[in-house]
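Asks: Let me see the structure of the following:
(one chain, ligands or ions: 1)
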Amino acid sequence: MSFRRVMRPVYTFIFILLLLAVASITVAVNIDTRMHRYDGDRWETAVEYLNECSAAAHVQSIRYESYAERADTDKARGTARLFRALAHSERVHERICAHASRLFNGEYTPPTVMVKVNTPTRANIEKSLAYERRRLDVSAGLAAKRAIDAGNRYIARLMIWIDGSNRRHIEFLEKVGGRNSDDDVKYGVCPNCGNMYESRNCDVYCPFCQTHSSEFAVFGD
Ligand SMILES: [Zn+2]
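Replies: You can find the predicted model right below:
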């Protein structure tokens, strides 16, 4: 038996091994590139959006706090309670967006803002309604859809919570704006998702995030 003949199976074996090695490296590189590209698109856009969302909620929470102080001055106690509950809901939104941003390696720094309120409570209710309605018109469902399309169910859920809570903001502002006299309505705010309730009609569990109502922040006197 010649040396060549003996070595043929060995060469074939080495050749197959080489082929396998090249194939697996190609597959690994492809998967890696695709994942990075996908992650880049998905996370970077999301982080940018989440930081904007946190900053906007931060500014609006400060505005609502100032409106609450003015409502105290105007002796509109029920409206002051509503503004404080709205401010709290915005702070929850700020926190959950900032937390999500950090999870995806984003960095959120709250903007520095000075809010000066010179208008009476009636006008502040109208301003708030205009802001909330515009926000829903412009953005409701869009961020959630983007997150769903990108396969990011976690962010989609947060965006759906925020859209839902913002819709409640409008409901309560319309109610308080339609009342002639201030009344004794109290408000509950879910600490996990920011959803709001009139405390007399409160759900036992938050229908958005299943937090028990005993944990809600209550705004009453
Ligand atoms: Zn909730």
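Asks: C-alpha only now, for contacts and for neighbours.
Replies: Noted.
Asks: Near the ion, which residues of the protein? Just list them.
Replies: 190, 193, 206, 208-209 (CA under 5 Å from the ion).
Asks: Can you add secondary structure and pLDDT and give those back as a markdown table?
Replies: Formatted as a markdown table, these follow (DSSP: H, G, I helix; E, B strand; the rest coil; pLDDT from 0 to 100):
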| residue | secondary structure | pLDDT |
| --- | --- | --- |
| Cys190 | coil | 97 |
| Cys193 | coil | 97 |
| Cys206 | coil | 96 |
| Phe208 | coil | 95 |
| Cys209 | coil | 96 |
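Asks: could those residues go into CSV alongside neighbour count?
Replies: Shown next, in CSV, are the residues of the chain next to the ion (neighbours: other CA atoms under 10 Å):
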residue, neighbour count
Cys190, 26
Cys193, 26
Cys206, 22
Phe208, 18
Cys209, 16
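Asks: Distance to Ala123 for those residues - can I get that in CSV?
Replies: Formatted as CSV, these follow (distance: CA to CA, whole Å):
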residue, distance to Ala123
Cys190, 27
Cys193, 28
Cys206, 31
Phe208, 31
Cys209, 33
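Asks: of these, closest to Ala46?
Replies: Nearest to Ala46 among these is Cys193, at 18.3 Å by CA to CA.
Asks: What sits closest to that closest one if chain neighbours are left out?
Replies: Spatial nearest neighbour of Cys193, chain neighbours left out: Trp161 (6.1 Å); criterion: CA to CA, 6 or more residues apart in numbering.
Asks: Arg167 now?
Replies: Leu136 (7.5 Å).
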